[in-house]
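Asks: with the input below, show me the fold.
(one chain, ligands or ions: 1)
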Amino acid sequence: MEQVLKVCWMYHDIMDLYGDKGNIMTLKKRCLDRHIGFDLHTCGIGQKDDLSNYDLIFLGGGADKEQISLIPDLLQRKENIQKAMDEHTFILLICGGYQLFGQYYIAADGKKIAGLGFYPYYTDTGKMGSRCIGNIVIDAQLDEMHTKIIGFENHGGQTLGVTKPLGKVLSGCGNAFDAGFEGFYDGKVLGTYLHGPLLPKNPDVADFVIYKALKKRNPDLQLKDLSPLTNPYDQAAREVLLTRMHIE
Ligand code: GLN
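Replies: Presented below is the predicted three-dimensional model:
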């Protein structure tokens, strides 16, 4: 295999809610099916690593307790993560991970934890006991790719001040109860509340992530250069959910 995707799954042992691991499994399968190598590393609290060496950094969702436990370690890596972003490492963040790239997160017990502060958005748990839970569909624009993304959300956090949302909510909550918009995407970082997990349910997004990550070492690569993969179950699963949610 001449091409290899180098991936770092951060805090894999504590940030893996609602099957977020499925995102890694999907990326691996879709790479190997194309004869692209998949070099997976994990990085836990206290582990030394240079994150700018990777093509893709993945950080999943987690409960407040886990988010609080990892934040001192994450904040120490701020400069290194900035370097990774500057050097075109693509970053995929789910739910709790997405929240921590903003200004701050106020947990359900009122504790305020500082985020990495890369973006102006911030997250407050809002009304105690109320959470955004359920299936969700958004209409998203990922560079030139326009698509409907489906998933499952379960978060108390209400994220406000998002300057570049990933998509418009067609069904579900999104960044907050009445936000109308979901996630964050600026070409370098894709943050979303969608578990499900996200990538098995949205193979086009999985391929988009692979493409963006490979681009670090192949700047001329285009999305259409990834050979198509056909799996009848992918499309069938999407259609079941979209029909159930009365979305065309
Ligand atoms: N603890 C955070 C919240 O409830 C994130 C949850 C998650 O990652 N699903 O908002």
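Asks: check which residues of the least confident helix or strand in the chain by mean pLDDT are buried.
Replies: Sorting the helices and strands of the chain by mean pLDDT, DSSP states H and E puts helix 232-244 at the bottom, at a mean of 86. For helix 232-244, the buried set under the neighbour-count rule, 16 or more other C-beta atoms under 10 Å, comprises D234, R238, L241, L242. The way it works is simple: take the backbone N, C-alpha and C, and place the C-beta from them, glycine included.
Asks: summarise which helices and strands it is packed against.
Replies: The contact analysis (3 or more C-beta pairs under 8 Å, 6 or more residues apart in numbering; DSSP states H and E) places helix 232-244 against strand 132-142, strand 145-155, helix 198-201.
Asks: how far off strand 145-155 does that helix point, in degrees?
Replies: Taking axes from the mean of the first three to the mean of the last three C-alpha atoms, to 10 degrees, helix 232-244 and strand 145-155 form an angle of 70 degrees between their directions.
Asks: tell me which residues are up against helix 232-244.
Replies: N135, V137, K148, I150, K201, N202, P203, E248 (C-beta atoms under 8 Å, 6 or more residues apart in numbering).
Asks: please redo it, this time with the cut-off set to 6 Å
Replies: I150, P203 (C-beta atoms under 6 Å, 6 or more residues apart in numbering).
Asks: now find how far off-centre it is within its chain.
Replies: 21 Å (C-alpha atoms, centre = their mean, to the nearest Å).
Asks: what about T230, neighbour count?
Replies: Neighbourhood size, T230 [other C-beta atoms under 10 Å]: 7.
Asks: any idea which element the residue lying closest to L56 once chain neighbours are set aside lies in?
Replies: Nearest non-adjacent residue to L56, counting by C-beta to C-beta, 6 or more residues apart in numbering: A213, 3.8 Å away. Following DSSP states H and E, one finds A213 within helix 203-214.
Asks: what is the mean pLDDT for that helix?
Replies: Average pLDDT, helix 203-214: 97.
Asks: same check, this time on stretch 87-103
Replies: Stretch 87-103 carries an average pLDDT of 98.
Asks: that one and the ligand in contact?
Replies: Yes - using C-beta under 6 Å from any ligand atom, stretch 87-103 reaches the ligand at C95, G96.
Asks: list the buried residues of that stretch.
Replies: Buried positions in stretch 87-103, judged by neighbour count with 16+ other C-beta under 10 Å: 88-103.
Asks: coming back round to it: so which of the helices and strands packed on helix 232-244 gets nearest the ligand?
Replies: When those are compared by C-beta to the nearest ligand atom, strand 145-155 sits nearest the ligand, at 3.5 Å.
Asks: check which helix or strand covers the residue nearest to Y98 when sequence neighbours are not counted.
Replies: Closest residue to Y98 apart from its sequence neighbours, by C-beta to C-beta, 6+ apart: G191 at 3.3 Å. In this assignment (DSSP H and E), G191 forms part of strand 189-192.
Asks: the residue nearest to L56 and H12, how far apart?
Replies: Separation of A213 from H12 (C-beta to C-beta, to the nearest Å): 17 Å.
Asks: of the two, who's got more company?
Replies: Using other C-beta under 10 Å as the criterion, A213 and H12 rank with A213 on top: 25 against 19.
Asks: is it true that the more buried one touches I91?
Replies: No - the pair A213 / I91 is not scored as a contact, 9.4 Å apart, by C-beta atoms under 6 Å.
Asks: run a quick neighbour tally on the nearest residue to L214 once chain neighbours are set aside.
Replies: For L214, ignoring the flanking residues on the chain, the nearest one in space by C-beta to C-beta, 6+ apart is L221 at 5.6 Å. Per other C-beta under 10 Å, the neighbour tally for L221 reads 17.
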